[in-house]
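**Student:** below are the sequence and a predicted model; questions follow.
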Amino acid sequence: MLNIVILAAGLGKRMQSDLPKVLHPLAGKPMLAHVLDNARQLNPDRIIVVVGHGADRVKTAFAGQPDLQFALQIPQQGTGHAVQQAASQLLEDGNAQDATLVLYGDVPLVQADTLQRLLQARGQGMAVLTETLADPTGYGRIVRNEHGQVVRIVEHKDASAAEHAIQEVNTGILVAPTGKLKDWLARINNNNAQGEYYLTDTVGLSVHDGLPVHAAQPSAPWETLGVNSRVQQAQLERNWQGEQARRLLEQGVTLADPARFDLRGSLVCGRDVYIDVGCVFEGNVELADGVRVGPHCVIKDALVGAGTHIEAFSHIQEAAIADQAHIGPYARLRPGANIGSQAHVGNFVEIKKSTLGQGSKANHLAYIGDAQVGARVNIGAGTITCNYDGVNKFPTIIEDDVFIGSDTQLVAPVTVGKGATLGAGTTLTKDAPAGQLTISRAAQTTIEGWVRPVKKS
């Protein structure tokens, strides 16, 4: 059986925040969520999150996830003490395959393939994830014997001058036989400079008991970077964004500048996709073949069809866009917007919970809400659907081949028949018949002799 224990009890004083450290975001979601995502790829039998500072907020943030168990660490007396709080919940079958993997809620980017390699490295014993650093200051050192075998880990504050020269360091992540780990946790003490119970002391106990300690290293150095301050949080954000950009580039996506790209979710791209600078992708986004996204767009939970162009500064959320459409610049597609093929949504046009049919156009300064717009419809500048009476929403139906003149208000519920024309400035309060011109305007009047008011001196 495989247990995964995630230590998430720390205060995070250097974050200067009331928010528990593991809830601070990285790429749009809490750091702890990243750890859980990678942990679940190992198909563990149990996941235990050790909470302490802000325990209720952490539990609330991950409520409704039935595979999670929680253990409380109060006060916080070190990493060994934290795992001790979870010991009673660890599952075991009583065989050599039982293992417990220890991860950290503020070390969010250890990838599943690295963790799988660590599990394989342990054999029948223990394995630690190590890193080789040019400057190992502050890290626990990996001490090996003359045969290159790991014999213990010494914390920086407790290390000798010779041990300070060691460049291989402990990341804190380890896997051990569950039964043995419980025994070792009961035997560690806090006789050290910090007065804490170190999880790393279990390495020396493993060697003492004749159980081998193996080591594995991550695929990339950024995987084991932790977050203890806002500076480190920002640095890790850019590291992760750079990695996501690299993966997209290798898949054939063109990024105008990989350093000015943010992915806060999942992005699936077809062939020959182009993404300009400053774009943010959130949730689950799919861009089909030949999509071009202009600079500084925000796209969240959207499907974009092949050959569609999205111009600069457009915002798209929970919308679907068919092939060969043209969106923006400065367009806003809100939840429920469904844009047909070859349709145009121009600058300062907002569409919400509406369908815009094939080849239809709303090119300037319009609002379309709760509407069904057919094919080949032209919506003039300044047109709005008046869908809300202050309490309820009402639908507008615009059938195929309708022409709507500029500055028109359609007071829902209302239907515009196929092929109808609405004259500019019309306020439509009743259905407009198919194939007819409908217009509502006050008669134009000129008042002779009228004098514009002037300020009194």
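**Tutor:** Alright, I've got the coordinates.
**Student:** which segments of this protein make up each domain?
**Tutor:** 2-224, 230-438 (automatic domain parsing).
**Student:** what's the span of the longest one from first residue to last?
**Tutor:** End-to-end span of domain 2-224 (CA to CA, to the nearest Å): 21 Å.
**Student:** give me the neighbour count for residue 184.
**Tutor:** Counted with other CB atoms under 10 Å, residues neighbouring residue 184 total 24. Yep, even glycine has a C-beta here, placed from its N, CA and C like the rest.
**Student:** and if you look at residue 164?
**Tutor:** Neighbours of residue 164 using other CB under 10 Å come to 12.
**Student:** cool, residue 394 as well?
**Tutor:** 16.
**Student:** ditto for residue 181
**Tutor:** Residue 181 has 27 nearby residues by other CB under 10 Å.
**Student:** mind checking the SS state of the nearest residue to it once chain neighbours are set aside?
**Tutor:** Nearest residue to residue 181 in three dimensions, chain neighbours excluded: residue 100, at 5.3 Å (CB to CB, 6 or more residues apart in numbering). Classification of residue 100 using DSSP: H, G, I helix; E, B strand; the rest coil returns strand.
**Student:** my guess is residue 100 contacts residue 44. True?
**Tutor:** No - here residue 100 does not reach residue 44: they are 9.6 Å apart, not a contact under CB atoms under 8 Å.
**Student:** quick one: the helices in the stretch 251-400 of the chain, in order.
**Tutor:** Remark: no helices are assigned in the stretch 251-400 of the chain by DSSP state H, counting those that start in this stretch.
**Student:** what's the longest helix seen in the chain in contact with?
**Tutor:** Using DSSP state H, we find that the single longest helix of the chain is helix 230-250. Where contact means CB atoms under 8 Å, 6 or more residues apart in numbering, the residues beyond helix 230-250 that reach it are 14-16, 24, 26-27, 108-109, 220, 222, 225-227, 255, 258-259, 261-263, 267, 269.
**Student:** how much space is there between residue 195 and residue 329?
**Tutor:** For residue 195, the distance to residue 329 equals 60 Å [CB to CB, to the nearest Å].
**Student:** count of neighbours near residue 435?
**Tutor:** 12.
**Student:** contacts only, for it.
**Tutor:** 417, 418, 419, 420.
**Student:** now do the contacts for the residue nearest to residue 181.
**Tutor:** With CB under 8 Å, 6+ apart, residue 100 has these contacts: 2, 3, 4, 5, 90, 175, 176, 177, 178, 181.
**Student:** confidence-wise, which helix or strand of this protein is lowest on average?
**Tutor:** strand 150-154 (a mean of 90; mean pLDDT, DSSP states H and E).
**Student:** what's the model's confidence in the helix or strand following it, averaged?
**Tutor:** Later in the chain than strand 150-154, the nearest helix or strand by DSSP states H and E is helix 161-164. In this model, helix 161-164 has a mean pLDDT of 93.
**Student:** what about the strands in the stretch 201-350 of the chain?
**Tutor:** Taking DSSP state E, counting those that start in this stretch, the strands of the stretch 201-350 of the chain run over residues 213-216, 254-255, 261-269, 274-275, 279-287, 292-293, 298-304, 309-310, 315-317, 320-321, 326-327, 332-333, 338-339, 344-352.
**Student:** got the ones you listed as JSON lines, with mean pLDDT, mean neighbour count and distance to residue 63 columns?
**Tutor:** Listed next are the strands of the stretch 201-350 of the chain as JSON lines, based on pLDDT from 0 to 100; neighbours: other CB atoms under 10 Å; distance: least, CB to CB, whole Å:
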{"stretch": "strand 213-216", "mean pLDDT": "94", "mean neighbour count": "20", "distance to residue 63": "34"}
{"stretch": "strand 254-255", "mean pLDDT": "98", "mean neighbour count": "16", "distance to residue 63": "37"}
{"stretch": "strand 261-269", "mean pLDDT": "97", "mean neighbour count": "19", "distance to residue 63": "21"}
{"stretch": "strand 274-275", "mean pLDDT": "98", "mean neighbour count": "22", "distance to residue 63": "35"}
{"stretch": "strand 279-287", "mean pLDDT": "98", "mean neighbour count": "20", "distance to residue 63": "20"}
{"stretch": "strand 292-293", "mean pLDDT": "98", "mean neighbour count": "22", "distance to residue 63": "35"}
{"stretch": "strand 298-304", "mean pLDDT": "98", "mean neighbour count": "21", "distance to residue 63": "22"}
{"stretch": "strand 309-310", "mean pLDDT": "98", "mean neighbour count": "22", "distance to residue 63": "36"}
{"stretch": "strand 315-317", "mean pLDDT": "98", "mean neighbour count": "21", "distance to residue 63": "25"}
{"stretch": "strand 320-321", "mean pLDDT": "98", "mean neighbour count": "23", "distance to residue 63": "31"}
{"stretch": "strand 326-327", "mean pLDDT": "98", "mean neighbour count": "24", "distance to residue 63": "37"}
{"stretch": "strand 332-333", "mean pLDDT": "98", "mean neighbour count": "24", "distance to residue 63": "31"}
{"stretch": "strand 338-339", "mean pLDDT": "98", "mean neighbour count": "24", "distance to residue 63": "33"}
{"stretch": "strand 344-352", "mean pLDDT": "98", "mean neighbour count": "22", "distance to residue 63": "30"}
